[in-house]
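**Q** build me a model:
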Amino acid sequence: MLLRLLLIPLFTMSASGTKTEDGACQRHVSDCVAAAKDQARYDHYRIYNVQFDNVEQIELFQKLEEQSDSLTFIGHAREIGQKLSILVAAHRVADFADLLQTYKLQHRVLTYNFQEKIDRNMREVLPEDVDVDKYDWQHFFHLKTINGWMEHMAAKHPDRLSVLDMGSSTQGNPIKGIKLGSNPENKAIFIESGIHAREWIAPATATYIINELLNSKDKQVQNLAKNYNWFVFPCVNPDGYKYTFEHDRMWRKNRQLFGTCRGVDLNRNYPDHWNSTGSSSDPTRYDYAGPSAGSELETKRLIDFIRNNVAKEQIKTYISLHSYSQMLMFPYGYTKEHVSNYDDLQEFGKKAAAAIKAESGRDYVSGNLYETIYPSSGGSMDWAHAEAGIPIAYTFELRGPPDSQDLFILPAVEIQPTASEAFTAIRTIVEAAAEKGYYK
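**A** Sure, this is the predicted structure:
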């Protein structure tokens, strides 16, 4: 009976006729479109961290993930001993607690009212029309401000920095980034972030990296800026990112419309073993891979940019910034099969994790994505490595740890140390790869 209650799809309708809480077009999250600035609420939603001790428990939670509209899974139930965080809708807390007791699952409650974290996070956002001179890494910023800041930096450093535009997104927002460096002999490093809309720490980290490359007094950083060309695109899912500020802080996908449902997980949409594992064909799911491989305009924009520039600009490194879990991962996501340069990528990743540990004391794990976090196909990193031929490719999962009580709602006080860790990891990887001759 408890399981049946948790599996009941509870659909309500907004004034526009769009499915909302809990049968949202992005499952578990309301698609509040009735009025401008309406925000989805998560009052008294709880975050549970659950441990699986037997196969029966794993199979139970696999079924719940597939069918329940009241639970948001942060990862997938896969193996005995695994711990998994789950966001539980307020009206299902009692049922979920009974389920845990009935099936004797070890667990702890990380957060009793998730909305409090969102409210705090929103107070850390500066207004959209803030002067770009006030851009910093103690606050979060709207898409317009991020783009304006890049334009501002290009105007201040016209000999070093230029603003690039991949083209428009599904809803007409520009996908902007920068190129730093112009030496045609240099090899290039490409960084993208914000492919998952709710991961605000990723675009903040990307802009921090731009600023460090431009303004750092550290000779090592200055040499990196001089000896490599850098492409950095802070927000490759601009529609979704905007939506998290205006309507739903936990939105993940883009904003493509499919009937009454919206959104494709852009990091499941790339045409490399598309929709073969760790993704869904259901448009209501948070990991919906799209109607076909490479179907989304945002995906096409990035693919076209890489294809047009990978040889001309000699792009040898691809970094995709995400949160959270503190992981430095390399291909593949769709299979446990090892890439040809697995040993090198593992070595570079471990060196980067050690450098982070020395800097901040934080523990990061390195490994291939399939074995380190969970199987997933159609990701940008796999495509960049396998299809575009970029030899050094990583997905970074930034702070916090896997059992973080913040989930994706990292407080602004964490921006600078998180971004510094990521940049330290990138520096370490680039230097280690250079020693192995990857940039010759």
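**Q** secondary structure class for residue 182?
**A** coil (DSSP: H, G, I helix; E, B strand; the rest coil).
**Q** and it, how many neighbours?
**A** Neighbour count of residue 182, defined by other CB atoms under 10 Å: 11. C-beta: built from backbone N, CA, C; applies to glycine.
**Q** same deal with the one 10 residues further on?
**A** The tally of other residues near residue 192 (other CB under 10 Å) stands at 28.
**Q** now it, what's its secondary structure?
**A** Residue 192 - assigned by three-state DSSP - is strand.
**Q** who's it bridged to?
**A** Legend: beta-bridge partners of residue 192 under DSSP bridges are residue 233, residue 320.
**Q** isn't it up against residue 320?
**A** Yes - between residue 192 and residue 320 there is a contact at 5.6 Å, judged by CB atoms under 8 Å.
**Q** show me where the stretch 101-250 of the chain has its strands.
**A** Assigned by DSSP state E, counting those that start in this stretch, the strands in the stretch 101-250 of the chain fall at 106-111, 161-168, 174-180, 187-193, 228-233.
**Q** out of the ones you listed, which is closest to residue 438?
**A** strand 187-193 (8.0 Å; CB to CB).
**Q** in CSV, list the C-alpha atoms belonging to stretch 226-245.
**A** Extracted in CSV, the C-alpha atoms of stretch 226-245 (Å, rounded to 0.1, in the frame of the first residue of the first chain):
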residue,chain,number,x,y,z
LYS,A,226,50.0,33.2,-22.8
ASN,A,227,50.8,29.6,-24.0
TYR,A,228,47.3,28.4,-24.7
ASN,A,229,44.2,29.8,-26.3
TRP,A,230,41.1,29.5,-24.1
PHE,A,231,37.4,29.2,-25.1
VAL,A,232,35.0,29.6,-22.2
PHE,A,233,31.2,29.5,-22.5
PRO,A,234,29.6,30.0,-19.1
CYS,A,235,26.0,29.2,-20.0
VAL,A,236,25.3,26.8,-22.8
ASN,A,237,21.7,26.4,-21.7
PRO,A,238,20.6,30.0,-21.4
ASP,A,239,16.9,29.4,-21.5
GLY,A,240,17.0,26.9,-18.6
TYR,A,241,19.3,29.1,-16.6
LYS,A,242,17.0,32.1,-16.9
TYR,A,243,14.1,29.9,-15.9
THR,A,244,15.7,28.9,-12.6
PHE,A,245,15.8,32.6,-11.6
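**Q** residue numbering should commence at 47 henceforth.
**A** Okay, using 47 as the starting number, the last item reads as stretch 272-291.
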